[in-house]
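Sharing a model prediction with you, sequence too.
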Amino acid sequence: MPAHSDAGSPRRATAPAVRPRYLAIIVTLLLALPTVLLSAAIILVLGAWVGIWLAVTAVVVWALFGVSLFDAAWFTPNRAKFAKAFGFRHPIPPEDELLAAAWEQVTSAPGVDGWPYSLWVEQSDDPNALAAPSRIVAVTSSALTDLDSGELEAVLAHELGHHLNVDPRVRLVDMWIALPGRVLWAVCRRLGRIARILGPLAPFARFVAAVGLLPVVAIVLTPVVGFGAALLFVVLLIVEPLTRSAQCHRDEYAADRAAVDLGYGRELAAGLRSWESETTPRLVALGDRLYSTHPPLALRIRKITARLGE
């Protein structure tokens, strides 16, 4: 790993400005409402379409998932079980030393305590990191080998910002209520990969297919659940990805602000610039802005720069 240069102005770390917890919880729950309704609608449609017993089974599985989620992450914390479910592993030498040193630097700011968190590694060629429930922070193996110490600290500071700005219990509830919808969207994404054969036209083809299927969904469901319920289901299919994306974007911006306050704004902005693609088709850019879990890099860099100016 290349050494981080200490040239230039020293890092000025301050306690990150954290959103008021009550406000963050209220906004999170409001944005999660379409997800709650969509998950409930999926269960109800299953019951009306394929029988009450399958619906009951789905509800039981959903409930058991929630119980096991909270048990493993909150009531009787078992981070190893949680990390394994995400595909994480323990850091090995020299990863453990690199992570420990970087984390110590990140959490050295006033008012920041690094001890409640657990550091893990995800085997991946993508230099990235993830803030998972149960106060888990995971970085990819590629990040540990490709990023210099300043860049690695900036990535960790961003993930710490996620934990500081979202109550872990809210994160767990969000994972639980979103499970039926996520399963549905995972199936849709797999089907959407067929459009890759169209190359640059793939995003346009997926958009046209999605718009064209909405009336079909309403027509198919109307005899089963009635026109009103079918229309509500279609509306939720349209609205839920938008609200979930808005919540994700909001969390990303808050985590970026925390990284800036911890003194890593310049490193984070530089890293984002290196990931920017030179040309992005307009339709792809619009889709990223509306539906992606991460906001456009240009917008993130602009907000980070503005925060640095403050």
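Happy to help now that I have it.

What residue in the chain is the furthest from its centre?
residue 223 (36.4 Å; CA atoms, centre = their mean).

residues in contact with that one?
Residues near residue 223 by CB atoms under 8 Å, 6 or more residues apart in numbering: none. The way it works is simple: take the backbone N, C-alpha and C, and place the C-beta from them, glycine included.

Could I get the buried residue list for the helix or strand harbouring residue 63?
Per DSSP states H and E, residue 63 falls inside helix 52-70. By 16 or more other CB atoms under 10 Å, the buried positions in helix 52-70 come out as 55, 58, 59, 62, 66, 69, 70.

where does the stretch 151-300 of the chain dip in pLDDT?
Applying pLDDT under 70 to the stretch 151-300 of the chain flags residues 168-169, 192-193, 195-196, 198-207, 277-288.

Please report how far the residue farthest from the centre of the chain lies from residue 62.
Separation of residue 223 from residue 62 (CB to CB, to the nearest Å): 26 Å.

do the same with residue 190
Residue 190 is 21 Å from residue 62, where distance means CB to CB.

Quick one: classify residue 113 as helix, strand or coil.
coil (DSSP: H, G, I helix; E, B strand; the rest coil).

what's the nearest residue to it if we skip its chain neighbours?
Excluding its sequence neighbours, the residue lying closest to residue 113 (CB to CB, 6 or more residues apart in numbering) is residue 107, at 6.7 Å.

Just want the phi and psi numbers for the one you found.
Main-chain torsions, residue 107, degrees, to the nearest 10: phi -90, psi 10.

So it is in contact with residue 114, correct?
Yes - taking contacts as CB atoms under 8 Å, residue 107 lies within contact range of residue 114: 3.0 Å.

between those two, what contacts are shared?
By CB under 8 Å, 6+ apart, the residues touching both residue 107 and residue 114 are residue 160.

what's in contact with stretch 264-279?
11, 106, 147, 150-151, 153-155, 157-158, 256, 259-260, 297-298, 300-301, 304-305, 307-308.

which parts of it are buried?
Neighbour-count burial for stretch 264-279 flags 264, 265, 266, 267, 268, 269, 271, 272 (criterion: 16+ other CB under 10 Å).

Give me the subset of these lying in helices.
With helices taken from DSSP state H, the overlap with these comprises 265, 266, 267, 268, 269, 271, 272.

Nearest to residue 183 among these?
Distance to residue 183 across those (CB to CB) is lowest for residue 272, with 31.3 Å.

Helices along the protein, start to end?
Ranges of helices within the chain are 21-50, 52-70, 79-86, 95-106, 141-146, 149-165, 168-177, 179-192, 202-225, 227-259, 265-275, 282-291, 297-309, based on DSSP H.
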